[in-house]
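Peer 1: need coordinates for the following:
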Amino acid sequence: VCVNEQQAHLPSVNRQLRKIGGATNRLAESIVDSVQHVRHALQGAEKRQVLLESWYSFASEHGVHVQKYMDRSTLQKFNRLLIKLAISWVSFICDECDPNDRQTFRWAVNALEFALQRTKGRIILSLDEAEFDLLRQKVASCMTLLISHFDILGARSEQVQPIPER
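Peer 2: Presented below is the predicted three-dimensional model:
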């Protein structure tokens, strides 16, 4: 909450500060929104999943960081972009990643944590029905993927250890 907003004593400085603020917001929006462009550009690329996961991680971290410095009107629009990013990230994990790969487990945890943070509290009420259904379906698929990776009592271990005799 801003108690006492201060401005520079020169109007030209204030104009330039507003321009910088607007450019910073547009840059942040384009980084978060660019995931789909990167996804399309990497079609058929080697190690595509690793590159996309890195981009999702970068976009989400950048989005969370830059949120701290946005004004209220820009923040509402930006929150919608971050929710779309969260849905896209969880969908990417479910649709395009190998469910048997150990990296996918770690990626799924990161994507689910980000989705949880973006839809916390009353924010989830801003989703329309189609977005909510897609998010619900993809989160369920990710949870299934996570559960499938748990090795209960070493049942999937490659080497069976003999029980020592006494």
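Peer 1: what mean pLDDT does the helix ranked longest in the chain have?
Peer 2: If you go by DSSP state H, the chain has its longest helix at helix 72-96. When pLDDT is averaged over helix 72-96, the result is 91.
Peer 1: angle of the following helix or strand past that helix against helix 72-96?
Peer 2: Once helix 72-96 ends, the next helix or strand along the chain (criterion: DSSP states H and E) is helix 102-118. Using axes from the mean of the first three to the mean of the last three Cα atoms, to 10 degrees, one finds that helix 102-118 and helix 72-96 are set 150 degrees apart in direction.
Peer 1: for helix 102-118, buried residues please.
Peer 2: T104, F105, W107, A108, A111, L112, F114, A115, R118 (16 or more other Cβ atoms under 10 Å). For every residue, glycine as well, the C-beta is placed using N, CA and C.
Peer 1: same deal with stretch 71-91?
Peer 2: For stretch 71-91, a neighbour-count test (16+ other Cβ under 10 Å) marks 74-75, 78-79, 81-91 as buried.
Peer 1: pLDDT below threshold where in the chain?
Peer 2: Within the chain, the stretches falling below the threshold (pLDDT under 70) are 1-8, 151-166.
Peer 1: recalculate using a threshold of 50.
Peer 2: Along the chain, the model assigns pLDDT under 50 to no residue.
Peer 1: show me where it has helices.
Peer 2: 11-33, 35-41, 48-67, 72-96, 102-118, 129-149.
Peer 1: re earlier: as TSV, the buried residues of helix 102-118 with distance to S126 would be great.
Peer 2: Formatted as TSV, the entries for those read as follows, by distance: Cβ to Cβ, whole Å:
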residue	distance to S126
T104	29
F105	30
W107	26
A108	24
A111	20
L112	19
F114	17
A115	14
R118	10
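Peer 1: what is the nearest of those to N25?
Peer 2: Within the buried residues of helix 102-118, distances to N25 taken as Cβ to Cβ reach their minimum at R118, with 18.1 Å.
Peer 1: and that closest one, how far from V32?
Peer 2: The span separating R118 from V32 equals 11 Å under the rule Cβ to Cβ, to the nearest Å.
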